[in-house]
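S.K.: Got a sequence here, can you build the structure:
(chains A and B)
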Amino acid sequence: MELFDEFPSMGRTDLRDLKKGIDFAFRDFSRENGEAIENFFDPLMYFMVWFEKLLLAAPWPIMIIIFAVLAWLGARSIPIVIGTVASFMTIGWFGMWEDTMATVAIISVATALCIGLGIPLGILMSRSNRMQSVVTPVLDIMQTIPSFVYLIPVVMLLGIGKVPGLIAVCIYAIPPIVRLTNLGIRLVDKEVLEASEAFGSSYRQKLFEVQIPLALPNIFAGVNQTIMMALAMVVIASMIGVKGLGVPVLRAVSNQYLALGLMNGLAIVALAVIFDRVSQEYGKRLQKHRQGGHGA
Amino acid sequence: MPDIKVSIKNLYKIFGPNGESMVQKVEEGATKASLQAEHKHVLGLSNVNIDIPARRIQVIMGLSGSGKSTLIRHLNRLIEPTSGEIMVDGEDVLAMSDAELREFRRNKMSMVFQKFALLPHRTVIDNVSYGLKIKGTDKDEMKERSQKWIDRVGLSGFEDNFPAQLSGGMQQRVGLARALATDAEILLMDEAFSALDPLIRKDMQDILLDLQEELHKTIIFITHDLDEALHIGDNIVILRDGAVIQQGTPQEIVLDPADDYVRDFIKDINRARVLDVSSVMASGSSDSGLELAADMILELGMPAMIKADVTSANVMRDGEVIGVVTLANMIGGIARPESHEGEQVTYR
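M.R.: Residues are numbered from 1 along each chain as shown, chains lettered A, B, ... in the order given. From the prediction side, this is the model:
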């Protein structure tokens, strides 16, 4: 009856040895390779530092004009431009300008990195079912594993700072763009693809002139989701040394500063709303050709 | 004998993991049903042999599932055959490398699709120039040639519209212009007009016949509609379960259907519009004074005879009397062939 009373588990010492083995192995690995890996990411770090400084050094009226122009180019909507300007003015008025610029900097770099890696990966995934069956569970893990868990090895390898923060943000934010690129390309009308082949398209011509353009609305939905998820990681990233709106939020949590937390939290919300509206409107404009009197 | 543009020999297509080993089973007499039941393979095409003459409209017809769309996709190798031979202008299509095949598709054969298959994000003119763009034609020539074909199919003024803004008939004109713009000698049309409503379909058929009169392309036209086949086809191939049941001119098929499947197909058609006076004439001559051209269809021949108030006429070809036709001959010709009611007609 012993079997039913106690769960058959490995011995306490064995378990401890196993954990220790893994820890030491990884520690040795990071001691040996940590520097090389850090050097590898150095250009990225310099770029991030430079970009953040640029945003902070630029006079605020110019930044607001730039944001307004970008909002206009994306959304082509006066109310959204007014909302953007008003939000940034309010943020500045409440003294959160610098943190906000730091957050905008990391979100922009993270989004660019996710797009740069995610779209090609999504294309590869759409090309082969085997690739899809390998990548999908990895994306599932990336989206469900608690972020703190992968912060541990990232910090062990790279310490705290901008680059590990960026990596943590990207791990969390890249899955939607990969998934939706893959989905978008797989959903491209088979007959249109066949037509493209029948006219003698090469693989490149098929990809760049048919598959990607037709998948663009889906790819863009992925970009939108990626931005939103990157913003959601701002607070967690601030735990490993990323500057920005997450830092005061973290401070507010540990010291029970209600107003501080609320104000910075709302600033994150404002950024999210602006990014979301602008990118969604842009995505809608990409689909304009689909409108017409006739279904087809 | 007209010169042969496309020649298909012993073509088999069997869908399934071991298609090649199944060819022998089919040669030994396995049918589509038995292959499916015993070996879990689907018989797509079974020993197809067709010689397609140059500069004619070759119709391939059959009901859905008969393998006609599969067959047309073999000609430009959108589908690879299991075994067989396809020659175009004496060149073996199946032996082409990927690069050769792309050149072949760019220059020799273009295609029109049932559901149009236009690029929804490109305007009409960009869609028409699509084939030229793939070929790498220079911009000015591309624009000029596309514009010419847009005008030719009657879409002038719609150059900058997107496909979704056009009606089905107009979209298919874009598809037709796109296929013609590459100047390919062979035009594949996969149920090109089947998605259109009857009036528009008739319209498009006439556009196609008009164009053919001046272009003389080799057109391979797939349809499930016998009226369409008889209207536009110079030659017709009838497919069933992936095998050729009958091939011949529309007249031959109407006058002498190969089996009950074909007989059933043709029973509801307007025979007076297909048959010409030479197909029902007898030898001899008439002194009625009325002369009818040999290729005049009965639908026109009968009223002509009634109008002239005679019951017989000479059949003329190249200015010579080649026979005599009576009103009774004509009426006999358009009568439905003996009823086969009570006989079992199965389609698959």
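
S.K.: Near chain A, which residues of chain B? Just list them.
M.R.: B:76, B:78, B:101-107, B:109-111, B:113-121, B:130-131, B:133-135, B:162-168, B:171, B:178, B:182, B:188 (Cβ under 8 Å from any Cβ of the partner chain). No exception for glycine: its C-beta is placed from N, CA and C like everyone else's.

S.K.: Just the ones in helices from those residues, please.
M.R.: B:101-107, B:130-131, B:133-135, B:168, B:171, B:178 (DSSP state H).

S.K.: Now the buried members of the residues you listed.
M.R.: Among those, those buried by neighbour count (16 or more other Cβ atoms under 10 Å in any protein chain shown) are B:101-102, B:104-106, B:130-131, B:133-135, B:168, B:171, B:178.

S.K.: Report the two of those residues separated the most.
M.R.: By the measure Cβ to Cβ, B:L101 and B:G168 form the most distant pair in those, at 31.1 Å.

S.K.: And the contacts of the helix or strand harbouring A:A86?
M.R.: Using DSSP states H and E, A:A86 sits in helix A:78-93. Residues from elsewhere that reach helix A:78-93, judged by Cβ atoms under 8 Å, 6 or more residues apart in numbering or on different chains: A:60, A:63-64, A:67-68, A:71-72, A:75, A:97, A:100, A:267, A:270-271, A:273-274, A:277-278, A:281.

S.K.: thinking again about what came up before, closest one to B:V274 out of the ones in helices among the residues of chain B next to chain A, please.
M.R.: B:G168 (27.5 Å).

S.K.: pLDDT score for the closest one?
M.R.: As predicted, B:G168 sits at a pLDDT of 91.

S.K.: So what does the nearest residue to it once chain neighbours are set aside have for phi and psi?
M.R.: Leaving aside its sequence neighbours, B:G168 sits nearest to B:L196 (Cβ to Cβ, 6 or more residues apart in numbering or on different chains; 5.4 Å). When read as degrees, to the nearest 10, the backbone of B:L196 gives phi -100, psi 160.

S.K.: Can you report how many residues lie near B:F265?
M.R.: The number of residues packed near B:F265 is 23, by other Cβ atoms under 10 Å in any protein chain shown.

S.K.: which regions of the chain sit below the pLDDT cut-off?
M.R.: Went with chain A since none was named. Low-confidence segments of chain A (pLDDT under 70): A:1-2, A:290-296.

S.K.: hm, I was asking about chain B
M.R.: Ranges of chain B meeting pLDDT under 70: B:1-2, B:337-348.

S.K.: Now the two most distant members of the ones in helices among the residues of chain B next to chain A.
M.R.: B:E103 and B:G168 (32.4 Å).

S.K.: and whatever residue of the stretch 201-348 of chain B ends up closest to chain A, which of the three is it?
M.R.: Among the residues of the stretch 201-348 of chain B, B:I220 lies closest to chain A, at 12.7 Å counting by Cβ to the nearest Cβ. Of the three states, B:I220 takes strand according to DSSP: H, G, I helix; E, B strand; the rest coil.

S.K.: Same question for B:I52.
M.R.: Per three-state DSSP, B:I52 ends up strand.
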